[in-house]
Structures are given as structure tokens and as C-alpha cells.
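Asker: return a 3D structure for these sequence lines:
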Amino acid sequence: MLKKLAKYGNSTTLVIDKAILEILNMNESSIVKLTTDGKSLIITPVEQNDQGKVNYDNLEAMQMAKEALIKKMPKAPNTIDSEIASKMQKEFSQVFQKHNAVFIKFSHEISQTKEFQEELALITEKFDPVKQCDEYLKECRLLKLRFCPELADMQNEIDEIHKKYGSSFPTVI
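Answerer: Numbering: from 1, shown residues only. The predicted structure follows:
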């Protein structure tokens, strides 16, 4: 089946026929997940629990929470000049290089364990990553530090850089 995209305000829409929606057990108010392999757009219905909350997998939940946190940040005028931003970036890079081994250990080993993933899933069930992004990310941070206390030094150094330059934008590791 070929379809033509249509203009709708500043957006572009794709009209999905009723028959296809029925096959996928969807309707006009369904929530969908959009993914791509670089060539194709994949539209997948998202299941909701009894309370209407979207069920995210752990990786999706973390990404959604980070995006929600960024959207919540006040839109400040460009108060950080390029020289300060460059200094901050350099200091962040130094912290990440200094703690690279710990970050890799956490990312590739600890965060992949069954125990970590199960506890992360419990946080995702307890907090909506979009509507409660602050609480969700705080609990995730505590979980990460419980499973990998070595990350605390890295996080503290990142927090110090933010304080030093008066930045209110959090860095979530």
C-alpha cells in the first residue's frame, strides 16, 4: 500500500486506514512508539497498564525522563558566553576521561546485570519517567550509586563544575 504524507500546520501527517488500525488493535487515541532503522519508519502500538500509564522498557524510560527534564528547564537567554561554555566542556571532558574506566564498567557490566535491570524496572513502575522525571532520575541516580559507588566521585565532580559556573542544567550519568 502506498500512502502520501500530508501537511498539517507546521507538521506532516500520515493517515492510517481504519482496517490497519483494527489489525493492530489500535484506534485514534492509541499511543505509538516510532523507531527507525535508518531507512524505514516502524510504528509500534504501546501497551498501557490499568491506570493508563505507558509501559516503557528501561532504556526508553531513561531516555524519556531525560527528554522530559530538558523540556522542563527554563529557557534562559544565552547567559553563558562561548568562552565559559568552552571551559565547562573542557572540564567535563577531563572528568569523563578521568573516570572513563568506572563509567565503562558501569555501562557495560553493572547496568546489564539482571539485578540492576530488575530494580530499574521497579523504579519505572513506581514513577512515570515523563510526568515524574525529577523523582524518576533521582531514584535512578541512587540506584546507580548503590550498584557502583565509584560513580559518586564522577558525579560530584560534575556537580562541582555546574556550581562553579552557575549552571542549573543537570548532567545525568
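Asker: what about the residue lying farthest from the centre of the chain, distance to Ser11?
Answerer: Ranking residues of the chain by C-alpha distance from their mean position (CA atoms, centre = their mean) puts Met1 at the top, at 33.9 Å. Here Met1 is placed at a distance of 22 Å from Ser11 (CB to CB, to the nearest Å). (Glycine included, C-beta is placed from N, CA and C.)
Asker: packing partners of the single longest helix found in the chain?
Answerer: Secondary structure assigned by DSSP state H gives helix 82-98 as the longest helix of the chain. In terms of contacts (3 or more CB pairs under 8 Å, 6 or more residues apart in numbering; DSSP states H and E), helix 82-98 is packed against helix 151-165.
Asker: can you give the domain ranges for the chain?
Answerer: 6-45, 58-165 (automatic domain parsing).
Asker: quick check: which of the ones you listed is buried the most?
Answerer: Among these, domain 58-165 has the highest mean neighbour count (mean count of other CB atoms under 10 Å), at a mean of 14.
Asker: pull up the distance across that one, start to finish.
Answerer: 32 Å (CA to CA, to the nearest Å).
Asker: check the offset of it from the chain's centre.
Answerer: Offset of domain 58-165 from its chain centre (CA atoms, centre = their mean, to the nearest Å): 10 Å.
Asker: now the helices: where do they sit in this structure?
Answerer: With helices called from DSSP H, the chain shows them at 18-23, 58-72, 82-98, 100-108, 114-126, 133-147, 151-165.
Asker: show me what contacts the residue farthest from the centre of the chain?
Answerer: Neighbour list for Met1: Asp17 [criterion: CB atoms under 8 Å, 6 or more residues apart in numbering].
Asker: do the one 4 residues further on as well
Answerer: If you count contacts by CB under 8 Å, 6+ apart, Leu5 has them with 12-14.
Asker: so what does the worst-scoring helix or strand of the chain on mean pLDDT touch, helix or strand wise?
Answerer: Across the helices and strands of the chain, mean confidence by mean pLDDT, DSSP states H and E is lowest for helix 58-72: a mean of 77. The contact analysis (3+ CB pairs under 8 Å, 6+ apart) places helix 58-72 against helix 114-126, helix 133-147.
Asker: how near is the residue nearest the centre of the chain to Ile70?
Answerer: When CA atoms, centre = their mean is applied to the chain, the residue found nearest the centroid is Gln63 (1.4 Å). Distance, Gln63 to Ile70, using CB to CB: 11 Å.
Asker: got it, and Leu2?
Answerer: For Leu2 relative to Ile70 (CB to CB), the value is 37 Å.
Asker: of the helices of the chain, which shows the lowest average pLDDT?
Answerer: Mean pLDDT is lowest for helix 58-72 among the helices of the chain, at a mean of 77.
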